[in-house]
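**Student:** The sequence and its predicted three-dimensional model are supplied below.
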2 protein chains.
Amino acid sequence: MKPYTILIIDDEPQMRNLVRTFLAKDGYIVEEATDGMDALAKVYKLQPHLCIVDVMMPYMNGFEFAKELKRTTNIPIIFLSARGEEWDKVEGLKIGGDDYMVKPFMPGELIARVESVLRRSYQHRYLSQSFTVGPLVIDHLAHKVTLDNNTVSLTVKEFGILETLARKPGRVYTREQILNLVWGDDHKSTDRTIDTHIKTLRLKLGEAGSMIETVWGIGYKLEVK
Amino acid sequence: MKPYTILIIDDEPQMRNLVRTFLAKDGYIVEEATDGMDALAKVYKLQPHLCIVDVMMPYMNGFEFAKELKRTTNIPIIFLSARGEEWDKVEGLKIGGDDYMVKPFMPGELIARVESVLRRSYQHRYLSQSFTVGPLVIDHLAHKVTLDNNTVSLTVKEFGILETLARKPGRVYTREQILNLVWGDDHKSTDRTIDTHIKTLRLKLGEAGSMIETVWGIGYKLEVK
DNA sequence: GGTAGTTGTGAAATACTTATGAAAAGGTAC
DNA sequence: GTACCTTTTCATAAGTATTTCACAACTACC
């Protein structure tokens, strides 16, 4: 299972279906939007890892969308255009486009480009960069959490749970979801295990431990205060 | 001044001239070859940072050249093809092509793609010969480590592990990652082997050996103190 | 306020990971 | 082929993480 969400933005339902089919078959989570405005709203809700956007669209074209997207995020973009359509590739790359494809394309090309862009974007940016949530700084590659500039020593599971919650503050995760994400889909642990790890996390995080909130009957979330 | 050498391989003198003009104007050192065989000979002599290669060429086509090049080097490749020429983009990317362009192209596009490929390829590569981490000076070419100005005698594997860890201080590497990076992807060793080498490294580095930290459940990292 | 269901907690049991010394296997130079 | 060095394997000890369990504490709902 690939943990990547891809947002495909195109006004033609046929094209969206086509792209979705190929990507879904390859294990990606695929979301759709019909125009730039729709897409921007969804970006904030879905936090996709990649946007594939048609250059020619009504209301807001691909470039305008890209500009707006890059203004506030680092989400990579692949532009789509129909053969013969006049548009400026250099301009697209300058705006921050990471790649482009000309329709019609082969499924293999789509997959190859998506993989290439994701690899580039998330190896050196997202993953290698630490992110901050309130007083916490979490660095995935260094496997390190600091709280007010002091390193907090966490075990693998504790780190995994905290990282998961912290990547989407406010979002609630069920214990089962946490198990799937941190342990893997084939885990054989029970929900009580999560409770115990949450207990330890709260303890180790001291005052900041209260950021991890219990959502009664559902699971846990991390709320920035 | 850009310290990059680019080798352009095309059987048409006109196209070579064109590309050379654009790139030279932008500060690159440009070399030319007329076919795949000629190019391979020059690669070893000139050690270029990038090859731009026409797909359709006599004697040895672009793909054959690329295969041979990637067999022995990591030099990135941009493929050139004429509009309408039948060739397989996916095949090109699979062979290890880093990008491709369709003739005719605008100078701006050429520059943008060259810069993009060079940035990607050389960001994380060994640009300098020796580097310093805390009390250690590591010289890749001389295969030499000094600790407080005293040479430390390391075996090949020990050196490889230390160099790997030291190039990204703070970053955690799993034993498997270390094996892939130092031994190569087709290694057949076990994780315990790494443990033993780490033991020896710590011993040989004396006090500085404590820079190599165990990250429980994951692997090892080098932390500068 | 009672009750059923859910979560928190401490302690114990279990499972797993790493360090280490010694020995075997593999290479290389002479 | 021998001597010497490197690399790998192995067994065991030491250490740490993870899970389970029992019960207490809490929450929602009637």
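**Tutor:** The structure has been received and is ready for your questions.
**Student:** Let me know the next secondary structure element after the helix or strand bottoming out on mean pLDDT in chain A.
**Tutor:** The helix or strand of chain A with the lowest confidence, counting by mean pLDDT, DSSP states H and E, is helix A:89-95 at a mean of 69. Using DSSP states H and E, the helix or strand that follows helix A:89-95 in sequence is strand A:99-103.
**Student:** Buried residues in that following strand, which are they?
**Tutor:** A:99, A:100, A:101, A:102 (16 or more other C-beta atoms under 10 Å in any protein chain shown). For the C-beta atoms, the positions are set from N, CA and C on the backbone; glycine is no exception.
**Student:** So what's the residue count around the nearest residue to residue A:39 once chain neighbours are set aside?
**Tutor:** For residue A:39, ignoring the flanking residues on the chain, the nearest one in space by C-beta to C-beta, 6 or more residues apart in numbering or on different chains is residue A:33 at 3.8 Å. Using other C-beta atoms under 10 Å in any protein chain shown, residue A:33 has 24 neighbouring residues.
**Student:** tell me the contacts of residue A:33?
**Tutor:** Residue A:33 is in contact with A:7, A:8, A:9, A:39, A:41, A:42, counting by C-beta atoms under 8 Å, 6 or more residues apart in numbering or on different chains.
**Student:** And the helix or strand encompassing residue A:112, how far out from the chain middle?
**Tutor:** Taking DSSP H and E as the criterion, the element that holds residue A:112 is helix A:107-121. Mean-position distance between helix A:107-121 and its chain equals 16 Å (C-alpha atoms, centre = their mean, to the nearest Å).
**Student:** ok, now stretch A:152-169?
**Tutor:** Centroid displacement of stretch A:152-169 relative to its chain, using C-alpha atoms, centre = their mean, is 16 Å.
**Student:** what's next to that stretch, contact-wise?
**Tutor:** Contacts of stretch A:152-169 (C-beta under 8 Å, 6+ apart): A:47, A:131, A:133, A:136, A:138, A:140, A:143, A:145-146, A:171, A:173, A:178, A:181-183, A:194, A:197-198, A:200-201, A:204-205, A:212, A:220-224, B:216-218.
**Student:** Pull out the CA atoms of that stretch and give them to me as CSV.
**Tutor:** In CSV, the C-alpha atoms belonging to stretch A:152-169 read as follows (Å, rounded to 0.1, in the frame of the first residue of the first chain):
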residue,chain,number,x,y,z
VAL,A,152,12.9,13.4,24.1
SER,A,153,14.0,9.8,24.0
LEU,A,154,11.2,7.7,22.3
THR,A,155,11.1,4.1,21.2
VAL,A,156,10.2,3.1,17.7
LYS,A,157,6.5,2.6,18.4
GLU,A,158,6.2,5.7,20.5
PHE,A,159,7.9,7.7,17.8
GLY,A,160,5.7,6.2,15.1
ILE,A,161,2.5,7.0,16.9
LEU,A,162,3.5,10.6,17.7
GLU,A,163,4.7,11.2,14.2
THR,A,164,1.5,9.9,12.8
LEU,A,165,-0.7,12.0,15.0
ALA,A,166,1.5,15.1,14.6
ARG,A,167,1.6,15.0,10.8
LYS,A,168,-2.2,15.8,10.8
PRO,A,169,-2.9,17.8,13.9
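**Student:** For chain A, which segments are assigned as helices?
**Tutor:** A:13-25, A:36-46, A:62-72, A:89-95, A:107-121, A:156-167, A:175-178, A:191-205 (DSSP state H).
**Student:** Averaged pLDDT, the fifth one. What do you get?
**Tutor:** Think helix A:107-121. The average pLDDT within helix A:107-121 is 81.
**Student:** and what of the last one?
**Tutor:** When pLDDT is averaged over helix A:191-205, the result is 95.
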